[in-house]
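Colleague: no FASTA, just this:
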């Protein structure tokens with residue numbers, strides 16, 4: 001099942017404005033006109049357009065959220081995939097391939113499947129097969145939170161030296177009032193009488209045993225007396241937070257850093273997802289990188305170039321090195337400081353100093 005929130009890189013409780021902004025940024029990046037001949041970019045553009053079409057439409061988004069909450073197994077027992085074939089053994093049932101029109105005709109429009117037809121096809125594909133007759137897994141219970149994706153800008157020298165960077169961002173956290181349960185503390189919570197706490201109900205349709213989310217408790221298995229006033233029953237809240245990010249030595253632009261447990265909070269006591277940060281290294285006016293070598297451009301006066309001089313050179317290791325400039329040095333001359341570049345395994349780069357003569 002496609003996760004449209006993950007595709008756009010937004011949290012489950014993202015506002016319409018946040019979804020619109022994320023879509024515009026991604027559409028600009030992957031638009032076919034900006035990536036001529038790039039099939040991967042074209043497919044990505046189609047995917048984000050599809051995600052935006054669903055999440056920007058209130059009704060489609062609500063339907064998608066239901067599908068996502070219950071998982072593929074929640075709607076009619078979507079547990080297996082494959083062509084039509086009988087299963088052998090006691091209590092054998094028949095497995096065959098269904099499309100969205102089949103679902104509507106089997107369950108009827110009143111079941112809710114008719115309204116899911118187009119959305120179902122886009123998420124699972126027209127050729128997705130549906131297995132009936134087996135036992136459905138419970139829809140309720142702890143569920144892991146989704147992952148989040150964002151970007152971070154790191155100064156060049158911090159990226160080369162490594163260290164920590166503090167990032168200010170909005171983080172989706174478990175509601176401190178209800179602890180992710182969605183109910184007001186002290187309110188009455190009882191087992192759903194319709195599904196007996198299973199989160200789904202089963203019935204037979206001809207020779208098929210069918211399972212679907214319980215419409216009364218929405219798959220939770222419990223009836224909540226009063227919704228949490230802080231999160232309105234969602235179980236999560238958005239909070240501004242400063243996150244300390246560990247930057248590995250020699251980090252390059254495009255690298256992804258994973259922060260465990262800082263993604264969307266889980267539901268019903270489930271674990272939180274992870275936060276993935278894509279690193280963008282900003283340019284430095286004096287330093288730049290070439291493999292394991294670090295280049296540094298130093299300005300000197302014409303008098304220093306003609307007569308020679310000793311100058312202090314900064315390095316990415318925070319050390320200051322005395323460099324002797326011989327008399328008659330020309331602009332663009334390079335001096336190599338052995339072993340002062342980046343280290344990788346048993347190899348170590350150098351720092352290369354380039355002289356830039358400025359008129360006195």
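Modeller: Structure received. All figures in this text were calculated on a predicted structure; none of them were measured in a lab.
Colleague: hey, let's count contacts and neighbours off CA atoms from now on
Modeller: Will do.
Colleague: residue 210 belongs to a strand?
Modeller: Yes - under DSSP: H, G, I helix; E, B strand; the rest coil, residue 210 falls within a strand.
Colleague: what bridges to it?
Modeller: Beta-bridge partners recorded for residue 210 (DSSP bridges): residue 203.
Colleague: just the helices in the stretch 251-360 of the chain please.
Modeller: 302-307 (DSSP state H, counting those that start in this stretch).
Colleague: any weak-confidence spans in it?
Modeller: 267-269, 360 (pLDDT under 70).
Colleague: which stretches in it count as strands?
Modeller: 256-259, 275-281, 287-290, 293-301, 309-314, 320-325, 334-337, 343-344, 347-348, 351-358 (DSSP state E, counting those that start in this stretch).
Colleague: so which of those is nearest residue 225?
Modeller: strand 275-281 (33.3 Å; Cα to Cα).
Colleague: how far off centre is that closest one?
Modeller: 11 Å (Cα atoms, centre = their mean, to the nearest Å).
Colleague: and it, which strands flank it?
Modeller: Short version: by DSSP bridges, strand 275-281 pairs with strand 148-154 (parallel), strand 256-259 (antiparallel).
Colleague: return the residue of the chain that is most distant from the centre.
Modeller: The C-alpha centroid of the chain is most remote from residue 307, which lies 57.8 Å away (Cα atoms, centre = their mean).
Colleague: OK, contacts around residue 187?
Modeller: 224, 225, 226 (Cα atoms under 8 Å, 6 or more residues apart in numbering).
Colleague: quick check: closest non-adjacent residue to the first one.
Modeller: Right, the one you point to is residue 224. residue 189 (4.9 Å; Cα to Cα, 6 or more residues apart in numbering).
Colleague: right, and that neighbour touches residue 225 too?
Modeller: Yes - the pair residue 189 / residue 225 is scored as a contact, 5.8 Å apart, by Cα atoms under 8 Å.
Colleague: circling back to that earlier point, can you say which of the contacts of residue 187 are buried?
Modeller: The neighbour-count criterion (16 or more other Cα atoms under 10 Å) marks 224, 226 among these as buried.
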